[in-house]
Structures are given as C-alpha cells and as structure tokens.
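Asker: Using only what follows, build the 3D model:
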Amino acid sequence: MNEQAAEQTDQVTEAPRTESHDQPVPDAYAAFMRTGWADPEREVAEHPIAPYARDRRARLAAMFPGERLVLPAGTFKVRANDTDYRFRPDTAHTYFSGNQTSDAVLVVEPDGSSTLYARPRSGLDSDEFFRDRQYGALWAGRRPSLGELEALLGLPVRHISELGDLLAKPVKTRVHRGVSADVDALVPADATRDADFARVASEMRLVKDEWELGELQEAVDATALGFEDSLREWENVLRYGERWLEGTFFRRARAMGNDIGYDSIVAGGPHATTLHWIENSGAVVPGDLILLDMGVENHNLYTADITRTIPVSGAFTDLQRDLYTLVFNSQEAAIAALAPGKPFLAGHEAAMVVLANGLSDLGLLPVSVEEALDPSSKVYSRWTLHGVSHMLGMDVHDCGQAAPESYRDGTLAENMVLTVEPGLYFQADDLLVPEELRGIGIRIEDDVVVTADGVRNMSSAMPRDVQGLEDWMARLRG
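Answerer: Below you'll find the model as predicted:
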C-alpha cells in the first residue's frame, strides 16, 4: 500500500456504512480482505475545464478581497430508506472547481489561493473499502485519490478531514449555504453576506465562455437525437403511452450524457395544459397533440431545454394548425426581439403582443388588446401562464440567485444563453373558451445564444414549423 493510501486510511475514522441485513464480518475475513490488493496511482490528464475554472476562481476572489469563500459539492440524497439518488454536485461548486465527486468543498482563501478538500477512496487496509455501501470501492466504485484529483483539476487537494480545523480559524468567511448541512454547521451564518455571495456566484454564470458554449451545443445536439429516437419508436409510443417516450429519451441522455437535465415533460392531450406534467403516465391518443419538453445534461453538467408539440397522428388538424401557427409566430417575434443591449424581457413582450392579438381574434379577451397588454391587466395570461425565457446553463433555470436588475430586469449581453418558449394552454375545464379548444396545450421552445447582432438558435436542427414537424415525423416513422 502506498503512503498516500495509508494516510487516507488514518483520516477516515467513522464506521463503515452498512445495513441491518448485511452478513457478519468475522475478524479472519476482515483481516484477509485488508491484504493483497494493488493500489496504483492512475495517470490523469488535466480536464479541459481546469483553466476556465482557475480564471473563474480568480474573478470570484477579486469580488470578495480578504475573505474566505466556501463552496461545498453536497452529499448523497436519500431516495428511499437505504437507497440514494445518483449523486449530482452543486452547480456553483463544479463551476468554480470542475470537481464532480461527492462531499468535497472548495475553499478560496483571502489571498486568492484555492484548495479543494475532498474525500478520496478509502485505504485498502480498512474495512471501509469492502464494507461501506456509500464510499467503499467494492460497493460504490473506485473514488479518485487526492493526487488524481489534483492532476485532473489543476488545483491543490487536501483531505476533507482537515476542513473543520481550517474553518475554525477566525477569518471573515462566506458560505454557499443550503448545499451541505455539515459545512453550514462549521461556520456561523450571516444571512446577508451569504446571500450576497450566492448572488455573485450566480451572476458570474450569466455570460458563458467559449468552453461553456461548446458544452451547451453538445447537450442540444444530444437532445435532438433523443427526440428523433422517440419519433422512430412511435408504434411503441402508441402502445405504451407517455412512459415509453420518457424512457426512450432517458436512454439517449444516459448514453451520451450524464443524465436528463430535468424531469422530462411528456404530455399527451390535456396533460399538455399542465406546465410541469412529469407523471408521464397517460396514453398517447391519435388525433391529440403531444407536448415534449426534454433536455440532455451532458457529462460536464450543461443541459439543453427544448420543447416540441407534435400531432400524434403525424398531421395537424386545421384547428391545431391554426393554434400552433399562432404560437410559432409569437416565438418568431420573440427571437427577432433579442440582441445585446435589449431588455431580457424584450422577447417575452414581443411574444405576448402576438399571442394577445391571436386570443383577441379568437374572441377570448374580455377587453381590448391594448387593455389586456397593460401591466395592470394582463388578463391574456390566463392562457399563456408563464414567461417566455429563462437563462440556461449548468442548471436548466440557470443563474437563479442573480439579482433581478442583473437578470429579469436587466439587459442581454453577448454569449448569454436563454430559452425562448411561448405557449398557449386551454384547460379542459375552462368554461371561457369554446369546447373545441379545451384540453389543448402548445409550447415551442428553443435554446439561443446572444451574438453580436442578435441570437443564434442552437437547436435550429430540430424542425419547429408546421410543415417541418409533419415531414420530420413522416421521415422518422418511415
């Protein structure tokens, strides 16, 4: 056993995480299991994110000179009894470190230097590696060593057991709270200072760097393939319903990425009027529309977020075509309104003008279009329900703790990435709309990056107009 592995064994002192139904471990068996294992250090190349993360940490430190900044990755979350969800690190932690291992903590020191405190693999002379269900290599897989993490991430890495003593030192400290209860308990909270830290960490992600744009495009491209997979399996979709679509898309997300970026929305017929229908348990019925809102999260945790509403039978009815075209035209207006220096809300406002006029043409508005669009009224929102855009990145609703003046009430800048997703939703029990409209929900969503003179649609390879969707379905269904 090498020196580093021995050090790791000495520093992990808690009992292995076992379950009541585990078999007894006699002393002879335990002693035998602690011998005869090779434990080589693996050669690890530096991750492409390392130089970007290094620059991000430098900019973050400059925002809080002379202060210690603590960003935990978080730990496992219980799904049921003794089973956990697959671990996914906190976004801010990974954005500034590149690390994706559980239980790690990034610390940016007052002098601007950074250290990752991590839990490496357990020593092979311990019970943990063959008994611990959460961290043991024979149960959960081999974790990287401290040296391997250093090589991968390009920053110093120390054992997590040293973190408590470090944070006990009287240094002005801010913590990215709500991620790790253990870390939160180590530093007295200051709600104002910690919230400001979270705001800055979030706002730094508003403008994407070159590497991030490539990662987002990768996620979008994989998502497009997942949609195509789903259309190719339409006979099974008709047989098994929404669940088949959910499962088909998930297979692509796991094959080409880390996971889905959010619970897939597979909403056939009236389910499409529920904005976040994630039960995905209904039938897929010919003659209905089906709304598919799905996104692949790639290996570096960047996610796409794309929606298409398609006719189950392969062709829109006249009514469906008219309503879909109204939403499509509102999305076109929104995309055309976006450019650097324009308000973030410009796309939303442009889409709402189109939709409000369309709702007026349908005879639904109780007031004039002008009155309906007045901020003191907005009665048209009964059938549009949500904003047209949100930021996109490592979180599907990225930069969520940014200040309103930097985000919702702010202006667009080059290399921001956002969704454009207008919709119309006529609830099945809405007595204020004609019966033939009830139970119809339509949303079209694309992911765009702000360029020097407008936006580029990152998901443009996926058809979104009426004819394009019908041709797409016909081609993929054979």
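Asker: Next one: the spatially closest residue to residue 98 that is not a sequence neighbour from residue 152, what distance?
Answerer: In space, and not counting its chain neighbours, residue 98 is closest to residue 49: 4.2 Å by C-beta to C-beta, 6 or more residues apart in numbering. For glycine as for every other residue, the C-beta is placed from the backbone atoms N, C-alpha and C. According to C-beta to C-beta, to the nearest Å, residue 49 and residue 152 sit 9 Å apart.
Asker: Can you check which residues contact both of those two?
Answerer: residue 98 (C-beta atoms under 8 Å, 6 or more residues apart in numbering).
Asker: Below-threshold pLDDT in the chain: ranges please.
Answerer: Filtered on pLDDT under 70, the chain yields the residue ranges 1-13.
Asker: can you give me the strands in the stretch 51-200 of the chain?
Answerer: Secondary structure of the stretch 51-200 of the chain, counting by DSSP state E, counting those that start in this stretch: strands at 68-72, 78-80, 83-84, 105-108, 114-118, 157-159, 173-175.
Asker: what packs against the shortest one?
Answerer: With contacts defined as 3 or more C-beta pairs under 8 Å, 6 or more residues apart in numbering; DSSP states H and E, strand 83-84 has no packing partner among the helices and strands.
Asker: and the closest residue to residue 288 other than its chain neighbours, how many residues sit next to it?
Answerer: Distances taken as C-beta to C-beta, 6+ apart put residue 269 closest to residue 288, at 4.0 Å, once the chain neighbours are dropped. For residue 269, the count of nearby residues is 21 (other C-beta atoms under 10 Å).
Asker: contacting residues around residue 269?
Answerer: With C-beta under 8 Å, 6+ apart, residue 269 has these contacts: 282, 285, 288, 289, 290, 439.
Asker: mind running it again at 10 Å?
Answerer: 242, 282-285, 287-291, 312, 428, 439-441 (C-beta atoms under 10 Å, 6 or more residues apart in numbering).
Asker: and what of residue 366?
Answerer: 372, 377, 379, 380, 382, 432.
Asker: Need the phi and psi values for it.
Answerer: phi -80, psi -10 (degrees, to the nearest 10).
Asker: what bridges to the residue nearest to residue 193 when sequence neighbours are not counted?
Answerer: Closest residue in space to residue 193, ignoring its immediate chain neighbours: residue 174 at 5.4 Å, by C-beta to C-beta, 6+ apart. Counting by DSSP bridges, residue 174 is bridged to residue 69.
Asker: count of residues packed around residue 174?
Answerer: If we define neighbours as other C-beta under 10 Å, then residue 174 has 22 of them.
Asker: That one against residue 188, yeah?
Answerer: No: proximity of residue 174 to residue 188 does not meet the contact threshold set by C-beta atoms under 10 Å, at 11.4 Å.
Asker: Helix, strand, or coil at the most centrally placed residue in the chain?
Answerer: For the chain, the residue nearest the mean C-alpha position is residue 395 (3.4 Å; C-alpha atoms, centre = their mean). Applying DSSP: H, G, I helix; E, B strand; the rest coil to residue 395 yields a three-state assignment of coil.
Asker: Buried residues, stretch 262-278. List them.
Answerer: Buried residues in stretch 262-278, defined by neighbour count with 16 or more other C-beta atoms under 10 Å: 262, 264, 265, 266, 267, 268, 269, 270, 271, 272, 273, 277.
Asker: So which of the residues you listed are in helices?
Answerer: Secondary structure from DSSP state H places none of the buried residues of stretch 262-278 in helices.
Asker: What about these, which are in strands?
Answerer: Among the buried residues of stretch 262-278, the members found in strands (DSSP state E) are 265, 266, 267, 268.
Asker: Now distance to residue 468 too, for the residues you listed, in JSON lines please.
Answerer: Below are those laid out as JSON lines (distance: C-beta to C-beta, whole Å):
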{"residue": "265", "distance to residue 468": "21"}
{"residue": "266", "distance to residue 468": "21"}
{"residue": "267", "distance to residue 468": "21"}
{"residue": "268", "distance to residue 468": "21"}
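Asker: related to what we said a few turns ago, show me the contacts for the residue lying closest to the residue nearest to the centre of the chain once chain neighbours are set aside.
Answerer: Closest residue to residue 395 apart from its sequence neighbours, by C-beta to C-beta, 6+ apart: residue 91 at 5.3 Å. Residue 91 is in contact with 71, 176, 179, 201-202, 205, 301, 393-395, 398-400, counting by C-beta under 10 Å, 6+ apart.
Asker: try residue 475
Answerer: Contacts of residue 475 by C-beta under 10 Å, 6+ apart are 228, 231, 232, 463.
Asker: One more pass at 6 Å, please.
Answerer: Residue 475 makes contact with no residue, according to C-beta atoms under 6 Å, 6 or more residues apart in numbering.
Asker: Where does it sit, in terms of helix or strand?
Answerer: Applying DSSP states H and E as the criterion places residue 475 in helix 466-477.
Asker: what about that helix, distance to the chain center?
Answerer: Helix 466-477 has its C-alpha centroid displaced from the chain centroid by 29 Å (C-alpha atoms, centre = their mean, to the nearest Å).
Asker: mind saving the C-alpha coords of that helix as PDB?
Answerer: The C-alpha atoms that make up helix 466-477 are tabulated as PDB, following Å, rounded to 0.1, in the frame of the first residue of the first chain:
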ATOM      1  CA  VAL A 466     -45.900  23.000 -39.100                       C
ATOM      2  CA  GLN A 467     -44.700  21.500 -42.300                       C
ATOM      3  CA  GLY A 468     -41.300  20.800 -40.900                       C
ATOM      4  CA  LEU A 469     -42.700  18.900 -38.000                       C
ATOM      5  CA  GLU A 470     -45.000  16.800 -40.200                       C
ATOM      6  CA  ASP A 471     -42.200  16.000 -42.600                       C
ATOM      7  CA  TRP A 472     -39.900  15.100 -39.600                       C
ATOM      8  CA  MET A 473     -42.400  12.700 -38.200                       C
ATOM      9  CA  ALA A 474     -43.100  11.100 -41.600                       C
ATOM     10  CA  ARG A 475     -39.400  10.600 -42.200                       C
ATOM     11  CA  LEU A 476     -38.500   9.200 -38.800                       C
ATOM     12  CA  ARG A 477     -41.600   6.900 -38.600                       C
END
